[in-house]
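Enquirer: Here you go, sequence then predicted model.
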Amino acid sequence: MTAPITVNSARERILAIKWDPDDSRVSSHITLLREYLRRAALWAKALNCTDEWPFFDVAAHICPLHRAGDAQVEALGIHFSAAPFYTAGIIEKTCEWFLHWDAVKIRPEVTKFALPDPYEPLIKMYENGGIFSTEHGFFNFEVGGFTRGICSDYYNLAPLTAQGKPTKLRRSVCSFLSQDKSSTKSRSGICSFLSQDESSTKSRRVIFSVLSQDESIKLRGRRR
């Protein structure tokens, strides 16, 4: 009886998403996507399916006969039929896999792996206005992105809970980036760097180095 209740909860979370991009939170979105990639890499390694990383149906590998109900999946399909075009493909697929995952996540076959929920970071990112696309080995957001890399690159990354909150510098720069769209290349370079955990001193040097290479970008400081 537990699984249907859980799946309904997962379904309601997805159906409540408005799919309106919020580019002012791109630093958080990148951090959440990287956390998903870390978790997916751990699951891919444990399930011996690294060739399917980064996006795959974790539940199908463990409990292929225990899936979310047809009515749940149909409701999701109706939701996405009215959603913006950019949710088609991997975003819609990961939401369906989230339903199937929630249907089995407390089963002994799953809990024995002692690994974190693979899709939770993605769902949080979607709920917070995070929309991305993939192209030529890159993950792209409206105002930034980063290189995908390979599965093994993510095995030893620190989990999200150990990364701490975004620094004031990161929040300020990403706020600036969300307002100024004059240079895609510069924005991508800065946001990619901000998604990593570096000291504020090094962050300042790299950020201003990138900014100095593109005179079309002007820092908008407040007058005192």
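Expert: Here it is on my side, so go on.

Enquirer: Show the low-confidence segments of this structure, by residue range.
Expert: Across the chain, residues meeting the criterion (pLDDT under 70) sit at 1-8, 162-224.

Enquirer: Do you have the strands of the chain handy? List them.
Expert: Secondary structure of the chain (DSSP state E): strands located at 133-135, 138-141, 144-147.

Enquirer: want to throw those into JSON lines with mean neighbour count?
Expert: Bear in mind the C-beta positions are built from the backbone N, C-alpha and C, glycine included. As requested, these are exported to JSON lines (neighbours: other C-beta atoms under 10 Å):
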{"stretch": "strand 133-135", "mean neighbour count": "12"}
{"stretch": "strand 138-141", "mean neighbour count": "19"}
{"stretch": "strand 144-147", "mean neighbour count": "21"}
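
Enquirer: In a markdown table, list these along with distance to Glu35.
Expert: Below are the strands of the chain laid out as a markdown table (distance: least, C-beta to C-beta, whole Å):
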| stretch | distance to Glu35 |
| --- | --- |
| strand 133-135 | 17 |
| strand 138-141 | 13 |
| strand 144-147 | 13 |
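
Enquirer: closest to Ala114 out of these?
Expert: Ranking the strands of the chain by proximity to Ala114 (C-beta to C-beta) places strand 138-141 first, at 27.5 Å.

Enquirer: Excluding residues flanking it in the chain, which one is nearest Leu42?
Expert: What sits nearest to Leu42 in space, not counting adjacent residues and going by C-beta to C-beta, 6 or more residues apart in numbering, is Leu115, at 5.4 Å.

Enquirer: so what secondary structure elements neighbour the longest helix anywhere in the chain?
Expert: Using DSSP state H, we find that the single longest helix of the chain is helix 26-46. Counting contacts by 3 or more C-beta pairs under 8 Å, 6 or more residues apart in numbering; DSSP states H and E, helix 26-46 is packed against helix 120-127, strand 138-141, strand 144-147, helix 168-179, helix 184-194.

Enquirer: Format the CA atom coordinates belonging to the third one as PDB.
Expert: These are the backbone C-alpha positions of strand 144-147, laid out as PDB (Å, rounded to 0.1, in the frame of the first residue of the first chain):
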ATOM      1  CA  GLY A 144      25.700  29.400 -18.500                       C
ATOM      2  CA  GLY A 145      26.700  25.800 -18.700                       C
ATOM      3  CA  PHE A 146      29.500  23.300 -18.300                       C
ATOM      4  CA  THR A 147      31.200  20.300 -20.000                       C
END
